[in-house]
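Asks: Could you look at this predicted model? Sequence included:
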Amino acid sequence: MAAELYPSKDKLSPPPPPTSSSSSSRYQQQNRTNNSSSTGHGPHWQGLYPTIRERNSVMFNNEVMADVFFLVGPAGSTQRVPGHKYVLAVGSSVFHAMFYGELAEDQEEIRIPDVEPPSFLAMLKYIYCDEIQLCADTVLATLYAAKKYLVPHLAGACVAFLEGRLEAPSACLLLAQSRLFEEAQLAQRCWEVIDAQAELALRSEGFRDIDARTLESILRRETLNAAELVVFEAALGWAEAECRRRDLDPSAENRRLVLGKAVYLLRLPSMPLEDFANGPAQSGLLTLRETKQLFLWFAARDKPEPAFCCAPRPGLPAQRCHRFQSCAYRSNQWRYRGRCDSIQFAVDKRIFVAGFGLYGSSGGSAEYGVKMELKRQGATVGHGATRYASDGSSATFPVWFEHPVRVEPDAFYTASVVLEGGELSYFGQEGVTEVQSGAVTFQFQCSSDSTNGTGVQGGQIPELVFYA
């Protein structure tokens, strides 16, 4: 009861419970020896530990000298956790107010139904032992506990943990949580992933679980790198999941009902006519009047003004890092014959590599088949197979991965291509080891995977195409 008087923010509500009980079991097993009526070291145990940190650690989840107990967790899965008011008050201003402030209540047991036991123990572990132990299935609940009890360094560690493991399938749901916790930096990281890898993020199961406010913020986003049909299908999937959350039949009428005004954030007029006809027009989500208006928008000379935004999403602008100062061709170069052209690179900021810029034929128009790959420490993180046509000029021609590939700073990645096509092509010369491209610094070095002559000084893969 007393704990509820001192929340860190009234708007906070607990995150969903962890999807696995493994963390709870690990914590219970780990701390079972401490949660007893003695330290297990005899009457002079203090002399065994030279520092106050080590002596405090002995008291973690230990009933010896405990002067308060917490009943943690929802009814039916409550865990009784011992505490020591002085240690807790030193570690948290909320605990200080709870035990020593003007509204302090002298209760032996305090109920905390909105925090999961593993996350509460993780917070106490930090307060008592100066140790941070986080795991993926409880980190959000631990962040909630750290925010509620104003333990900022633990909250910061939770945010860093989440940022380090941020992937497109979890980005939308994590965005919703970061907004709830008012973590602007984490929200910005989520937006970076959602914008660059929009199709992966929108097609994820996590997207279906976001709240309506977060849905609207994503549908308003100008910089989503996704076809509008993908955005529409994602909104339709969210509406179906929302119907189930509200115990409604997921009919077309009910999906329209739960979407509400958010439906008008879909930019249906910006779709190709074929996408509209095969998707939204047959979905049942639109009224007959809206469907007619949109078909007239696509086909009529005098176009009506539809209720939906007509401008396409600009998406993220692609940037190019060009690593050669000149290019050339000779009568006996550049030949392919199934050999690999490869180069290593590192960046100083997180980017998303969308593809490569490649040289084409030096003997007139030609078409090339290309197998492309991006690796980190020998492990493939992105690959693709495509074709491109060159026009005989020295220009570079882009080839794209199916989805942009996230590249982390301060680690070397290997970009590789195997080409089939016109035997003679342009090739780069006067390559440099360091290139500044916008706000991103690239460093290049030769790759042992390269079997066709490409290196830092010359060869193929003149450009990396990326989002930042």
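Replies: In hand now; what should we look at?
Asks: helix or strand right after the top helix by length along the chain?
Replies: Longest helix of the chain, by residue count under DSSP state H: helix 228-245. Next along the chain after helix 228-245, taking DSSP states H and E as the criterion, comes helix 252-259.
Asks: What are the boundaries of the strands in the stretch 251-400 of the chain?
Replies: 319-322, 324-328, 340-347, 351-359, 366-376, 379-390, 396-407 (DSSP state E, counting those that start in this stretch).
Asks: Assign a three-state SS to residue 193, would you?
Replies: Secondary structure of residue 193, reduced to three states by DSSP: H, G, I helix; E, B strand; the rest coil: helix.
Asks: Next, count neighbours for it.
Replies: Using other CB atoms under 10 Å, residue 193 has 24 neighbouring residues. C-beta: built from backbone N, CA, C; applies to glycine.
Asks: where in the stretch 1-150 of the chain is pLDDT low?
Replies: Across the stretch 1-150 of the chain, the ranges flagged by pLDDT under 70 are 1-41.
Asks: at 50 instead, please
Replies: Low-confidence segments of the stretch 1-150 of the chain (pLDDT under 50): 1-11, 17-24, 27-33, 35-37.
Asks: all helices for it, in order.
Replies: 22-31, 52-59, 85-91, 93-100, 117-129, 139-148 (DSSP state H, counting those that start in this stretch).
Asks: Dump the longest helix of the chain to PDB, restricted to CA.
Replies: This file holds the C-alpha atoms of helix 228-245, laid out as PDB (Å, rounded to 0.1, in the frame of the first residue of the first chain):
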ATOM      1  CA  GLU A 228       1.900   1.900 -49.300                       C
ATOM      2  CA  LEU A 229       0.300  -1.500 -49.800                       C
ATOM      3  CA  VAL A 230       2.600  -2.900 -47.100                       C
ATOM      4  CA  VAL A 231       1.400   0.000 -44.800                       C
ATOM      5  CA  PHE A 232      -2.200  -0.800 -45.600                       C
ATOM      6  CA  GLU A 233      -1.800  -4.500 -44.900                       C
ATOM      7  CA  ALA A 234      -0.100  -3.800 -41.600                       C
ATOM      8  CA  ALA A 235      -2.900  -1.500 -40.500                       C
ATOM      9  CA  LEU A 236      -5.400  -4.200 -41.500                       C
ATOM     10  CA  GLY A 237      -3.500  -6.800 -39.400                       C
ATOM     11  CA  TRP A 238      -3.400  -4.400 -36.400                       C
ATOM     12  CA  ALA A 239      -7.200  -3.800 -36.700                       C
ATOM     13  CA  GLU A 240      -7.800  -7.600 -36.700                       C
ATOM     14  CA  ALA A 241      -5.700  -8.000 -33.600                       C
ATOM     15  CA  GLU A 242      -7.400  -5.000 -31.900                       C
ATOM     16  CA  CYS A 243     -10.800  -6.600 -32.600                       C
ATOM     17  CA  ARG A 244      -9.800  -9.700 -30.700                       C
ATOM     18  CA  ARG A 245      -8.400  -7.600 -27.800                       C
END
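Asks: Show me what that helix is packed against.
Replies: helix 198-202, helix 205-208, helix 212-219, helix 252-259 (3 or more CB pairs under 8 Å, 6 or more residues apart in numbering; DSSP states H and E).
Asks: In contact with residue 248: list those residues for me.
Replies: Going by CB atoms under 8 Å, 6 or more residues apart in numbering, residue 248 touches 254, 257, 258.
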